[in-house]
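K.L.:
structure here, sequence nowhere to be found:
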């Protein structure tokens with residue numbers, strides 16, 4: 001038996017799920033910018049209430065570890081670490097792009113395409129990686145500036161499904177290939193952490209709560225204030 005509280009805040013979505021033995025008991029989520037700090041603790045309370053569980057019942061806390069929004073990651077990871085300290089429970093980290101690929105693989109129903117999750121970064125840059133139809137990684141996570149030749153070698157011979165909050169802005173460029181497919185409605189969910197979280201829990205692969213930090217991939221760059 002394993003009851004895992006799962007937290008996703010790496011992108012525009014703020015999502016919390018309570019998972020029992022791989023099955024979703026309750027989920028609460030909102031896809032809206034800059035609300036994560038305001039709603040995350042409320043969502044946690046609501047999933048416990050919906051599932052009829054308490055903090056004492058939890059076996060581990062899993063968090064989407066990045067890459068993604070600097071602020072979002074800080075909020076999610078800080079919340080997860082705080083809960084682990086308070087409950088004396090282990091912390092599980094699931095890489096965000098891997099979770100997205102797992103979610104799309106389940107949603108995609110076995111369609112023979114490569115999966116390319118994209119998280120919006122600045123301008124035409126995205127955080128991305130490449131996975132097969134089952135969600136197994138083919139290429140590592142990287143920050144990519146999308147141009148006319150991006151993914152050209154792969155799109156020549158394979159259909160690739162681009163999805164996530166960074167996919168829409170790339171469609172005009174990558175969509176020139178007939179092998180490029182897009183799901184611009186994909187929204188991150190804490191439920192997509194389940195596969196990775198269960199694997200880590202079963203292997204007892206936990207993070208050091210004191211020293212764990214999000215996977216930012218790039219250094220944080222603060223924007224200029226208006227009038228500066």
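P.N.:
That came through fine. All of these numbers come straight from a predicted model, not from anything done at the bench.
K.L.:
please enumerate the helices of this structure.
P.N.:
36-51, 70-87, 96-108, 152-155, 171-174, 194-202 (DSSP state H).
K.L.:
distance of the residue nearest the centre of the chain relative to residue 6?
P.N.:
Centroid-nearest residue in the chain: residue 96, 3.2 Å away (criterion: C-alpha atoms, centre = their mean). Distance, residue 96 to residue 6, using C-beta to C-beta, to the nearest Å: 12 Å. No exception for glycine: its C-beta is placed from N, CA and C like everyone else's.
K.L.:
once you drop chain neighbours, what's closest to residue 72?
P.N.:
With sequence-adjacent residues excluded and distances taken as C-beta to C-beta, 6 or more residues apart in numbering, residue 72 is closest to residue 9, at 4.4 Å.
K.L.:
where does the prediction get shaky in the chain?
P.N.:
Within the chain, the segments meeting pLDDT under 70 span 219-228.
K.L.:
where do the domain boundaries of it fall?
P.N.:
As given by automatic domain parsing, the domain ranges for the chain are 3-96+188-202, 97-183.
K.L.:
winner for burial among the ones you listed?
P.N.:
domain 3-96+188-202 (a mean of 20; mean count of other C-beta atoms under 10 Å).
K.L.:
and that domain, how far out from the chain's middle?
P.N.:
The chain centroid and the centroid of domain 3-96+188-202 are separated by 11 Å under C-alpha atoms, centre = their mean, to the nearest Å.
K.L.:
and the end-to-end length of it?
P.N.:
12 Å (C-alpha to C-alpha, to the nearest Å).
K.L.:
picking that back up, looking at the helices of the chain, spot the one closest to residue 146.
P.N.:
Residue 146 sits nearest to helix 171-174 of all those, at 5.7 Å, using C-beta to C-beta.
K.L.:
contact partners of the closest one?
P.N.:
Residues from elsewhere that reach helix 171-174 (C-beta atoms under 8 Å, 6 or more residues apart in numbering): 124, 146, 147, 148, 150, 151, 155, 162, 180, 182, 184.
K.L.:
and the residue nearest to residue 199 when sequence neighbours are not counted, how many residues sit next to it?
P.N.:
Leaving aside its chain neighbours, residue 199 sits nearest to residue 205 (7.7 Å; criterion: C-beta to C-beta, 6+ apart). Neighbourhood size, residue 205 [other C-beta atoms under 10 Å]: 12.
K.L.:
how about the strands in this protein?
P.N.:
For the chain, strands defined by DSSP state E occupy the ranges 3-8, 13-20, 23-31, 60-64, 91-94, 114-120, 125-131, 137-145, 160-163, 180-183.
K.L.:
using TSV, please lay out the ones you listed together with distance to residue 171.
P.N.:
Compiled in TSV, the strands of the chain are given as follows (distance: least, C-beta to C-beta, whole Å):
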stretch	distance to residue 171
strand 3-8	24
strand 13-20	20
strand 23-31	19
strand 60-64	24
strand 91-94	27
strand 114-120	10
strand 125-131	12
strand 137-145	15
strand 160-163	8
strand 180-183	5
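K.L.:
which of those strands sits closest to residue 192?
P.N.:
strand 3-8 (7.3 Å).
K.L.:
what does that closest one rub up against?
P.N.:
14-20, 29, 40, 44, 47, 53, 57-64, 76, 79-80, 83, 92, 96, 99, 188-194, 197-198, 201.
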